[in-house]
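J.: what follows is a predicted structure for the sequence shown.
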Amino acid sequence: MERKKYPIGKFESPNAIQDDLFSSWVRSMETLPSRLEEVVSSISMDQLDSQYRPGSWTVRQVIHHLPDSHLNGYTRMKLALTEDNPTIKPYDENGWSLLTDVQTVDVQVSLDLLKNIHTRWIALIKGLNSAEMKRTFYHPANKVKVSVAEQVGLYAWHGEHHLSHII
């Protein structure tokens, strides 16, 4: 069951983030929207409303979750870049997955939203300097300080994690 929940394992932030690792994270984030769209194009309506493991979200919920989560991530990064170690606001992702828009809106809307969020986010990331990559925010639910560079890795992992649920 753990393997189905975390098919690529859990995210582990390295002690030091090397340039090649950071670049691979950026590439992963940059290509996620098109790779997700390609996978979703071959999914039937029945598959969209099926769970990828017992007790999980449906594929539809996962697709809608990605832009919800990544919009939060993009906002958190902007807060970290413009404020001094801000405390971010966690959100109830399970609650969000049950809202009407997730149940009724065509998944193409969320695929387009993810693409647009990533277009802006990748432009922001590619323009970061070394001081900006060290800036942080505080996550009160996890009780951790997260650097901008670490967050790139986390969201690269997050995209791959959920893409693996759908494939």
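T.: Right, received. Where do you want to start?
J.: just the CA atoms of the helix or strand that contains Gln103, as CSV, please.
T.: In the assignment (DSSP states H and E), Gln103 maps to helix 100-104. Once non-C-alpha atoms are left out, helix 100-104 reads as follows in CSV (Å, rounded to 0.1, in the frame of the first residue of the first chain):
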residue,chain,number,x,y,z
THR,A,100,-17.9,21.4,-6.4
ASP,A,101,-15.4,22.7,-8.9
VAL,A,102,-13.3,19.6,-8.6
GLN,A,103,-16.3,17.4,-9.1
THR,A,104,-17.8,19.3,-12.1
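J.: residue contacts, Pro7?
T.: Going by C-beta atoms under 8 Å, 6 or more residues apart in numbering, Pro7 touches His161, Ser164, His165. Placement of C-beta: from N, CA and C, glycine included.
J.: do you know how far it is from Lys89?
T.: To Lys89, Pro7 is 29 Å away according to C-beta to C-beta, to the nearest Å.
J.: what residues of the helix holding Gln103 count as buried?
T.: Using 16 or more other C-beta atoms under 10 Å as the test for burial, helix 100-104 gives Val102.
J.: and whichever helix or strand comes after it, what does it pack onto?
T.: Using DSSP H and E, the helix or strand that follows helix 100-104 towards the C-terminus is helix 107-126. With contacts taken as 3 or more C-beta pairs under 8 Å, 6 or more residues apart in numbering; DSSP states H and E, helix 107-126 sits against helix 19-40, helix 59-82.
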